[in-house]
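1. sharing a model that was predicted from the sequence below.
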Amino acid sequence: MENGSANVLIVDDNIQNIELLEAILLSRGYHVHKAYNGEDALKMVDKMLPHIILLDVMMPGIDGYEVCKRIKHGEKTRFIPVIMLTALNGLDDKIKGIEAGADDFLAKPFQKPELIARVKSLIKLRNLIVELDSAQNVIYSLALALDFNDPYTHGHSQRVSDMSARLAEFMGLSQNEQQIIRHAGVLHDIGKIATDKKVLHKPASLDKIEYNHVKEHPVIGEKICSPLNFAKPVLPIIRWHHEHFNGSGYPDGLAGSNIPLGARILSVVDVYDALTSARPYRQGLLPDKALEIINTEACKGYWDANVVKPFIDMLKTDSASSNA
């Protein structure tokens, strides 16, 4: 991005400070916007989504720390870089700024070359983050398009994503673990983009060659997602969501606790949604029948009983709530 297309928001209650910063930034081609208090700053940030914010710490009303904290907690604004401008040089003040989410600090009076260098560097970093976020959106869109364009798996990945995350919450997993499992649910079948559609839609049992072909999709899915940093936590779930607790699954024949808990959770939800959905070779089963099959197979060691039980309990709780 050229300087001329980057919007900088300066927030300071001191008019002279703003005029000085504005002159420096305008001379380098930046578009400058100004706010003289925290309340106006937050309104402008939400409306214009600047590329970077130069934020004074000491302001009446909402101070710079609180403004920064609110920006960093906002879904749309959390990746906007914030440079805190301060005459306070104490360690406690910096720690407070770091805890609020500040990306950098500039001590007053600041040097022009340092200001320009830090602004340029943080805008570049912000643009890289936006590109990564765009890559995430592209891969998600691809996964969901693949899913929704197949009449036999229409909505499958989204359902598995939502239900797996709810099961993770029901089992007491952390919010971060729930989010990883939610992402994995969306992406778990993306490797099927390389699977022959005639095989996927075959209205009969697959032969050995066809079945081995379908079994490649977890590894292919892992390879598709592995270059993307955001996807790294979900790669084990993508690769191992067809492993069985007794070691009879694929692609690596993992067993027991060697299978990550997220993969064990997703595998149970995945098979439940598959059993209750129509396929080219059969009609979807009623939920009670599907749970009966899953419970029987858990007794044979296919699924982790410590996942199957809370899954059944969760569905019973859902059913009781809907009938209340």
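-> Structure received. Residues are numbered from 1 along each chain as shown.

2. which stretches of the stretch 51-200 of the chain form strands?
-> Per DSSP state E, counting those that start in this stretch, the stretch 51-200 of the chain carries strands over the ranges 52-56, 82-86, 104-107.

3. ranges for the helices of the stretch 101-250 of the chain?
-> Along the stretch 101-250 of the chain, the stretches classed as helices by DSSP state H, counting those that start in this stretch are 112-148, 156-170, 175-187, 197-200, 208-214, 217-225, 235-240.

4. rank these by mean pLDDT and give me the bottom one.
-> Confidence, taken as mean pLDDT, is least for helix 112-148 of the helices of the stretch 101-250 of the chain (a mean of 78).

5. relative to helix 156-170, how tilted is that helix?
-> 110 degrees (axes from the mean of the first three to the mean of the last three CA atoms, to 10 degrees).

6. about what we covered before: now, of the strands of the stretch 51-200 of the chain, which is deepest in the fold?
-> strand 52-56 (a mean of 27; mean count of other CB atoms under 10 Å). Using the backbone N, CA and C atoms, a C-beta is placed for each residue, glycine as well.

7. on that earlier part again, wait, which of the helices of the stretch 101-250 of the chain is closest to residue 92?
-> helix 112-148 (22.2 Å; CB to CB).

8. please tell me how far residue 183 sits from residue 266.
-> Separation of residue 183 from residue 266 (CB to CB, to the nearest Å): 11 Å.

9. same question but for residue 157, I mixed them up
-> Counting by CB to CB, the gap from residue 157 to residue 266 is 11 Å.

10. picking that back up, quick one, which of the helices of the stretch 101-250 of the chain is nearest to residue 96?
-> Per CB to CB, nearest to residue 96 of the helices of the stretch 101-250 of the chain: helix 112-148, 19.5 Å.

11. for that closest one, packing partners?
-> On a contact count with 3 or more CB pairs under 8 Å, 6 or more residues apart in numbering; DSSP states H and E, helix 112-148 meets helix 15-27, strand 52-56, strand 82-86, strand 104-107, helix 156-170, helix 175-187.

12. so what are the sheet partners of the second one and their directions?
-> Take DSSP bridges as the rule and strand 52-56 pairs in its sheet with strand 7-11 (parallel), strand 82-86 (parallel).

13. give me the neighbour count for the closest residue to residue 199 other than its chain neighbours.
-> Leaving aside its chain neighbours, residue 199 sits nearest to residue 210 (4.8 Å; criterion: CB to CB, 6 or more residues apart in numbering). When neighbours are defined as other CB atoms under 10 Å, residue 210 has 17 of them.

14. how near is residue 210 to residue 197?
-> From residue 210 to residue 197 the distance is 12 Å (CB to CB).

15. same question, residue 19
-> Counting by CB to CB - residue 19 and residue 197 are separated by 64 Å.

16. ditto for residue 80
-> 43 Å.

17. same deal with residue 146?
-> Counting by CB to CB, the gap from residue 146 to residue 197 is 11 Å.

18. which one of the two has more residues nearby?
-> residue 146 (17 against 9).

19. what sits against the more buried one?
-> Residues in contact with residue 146 (CB atoms under 8 Å, 6 or more residues apart in numbering) are 189-190, 192-193.

20. and stretch 19-31, what's buried?
-> The neighbour-count check on stretch 19-31 (16 or more other CB atoms under 10 Å) flags 20-22, 24-25, 30-31 as buried.

21. returning to what we had before: closest to residue 107 out of the contacts of residue 146?
-> Nearest member of the contacts of residue 146 to residue 107, counting by CB to CB, is residue 190, at 47.8 Å.

22. gap between that closest one and residue 226?
-> Taking CB to CB, one finds residue 190 at 12 Å from residue 226.

23. neighbour count: the two, which is higher?
-> More crowded of residue 190 and residue 226, by other CB under 10 Å: residue 190, with 25 against 13.

24. thought residue 225 was touching the more buried one, still the case?
-> Yes. Between residue 190 and residue 225 there is a contact under CB atoms under 8 Å: 6.9 Å.
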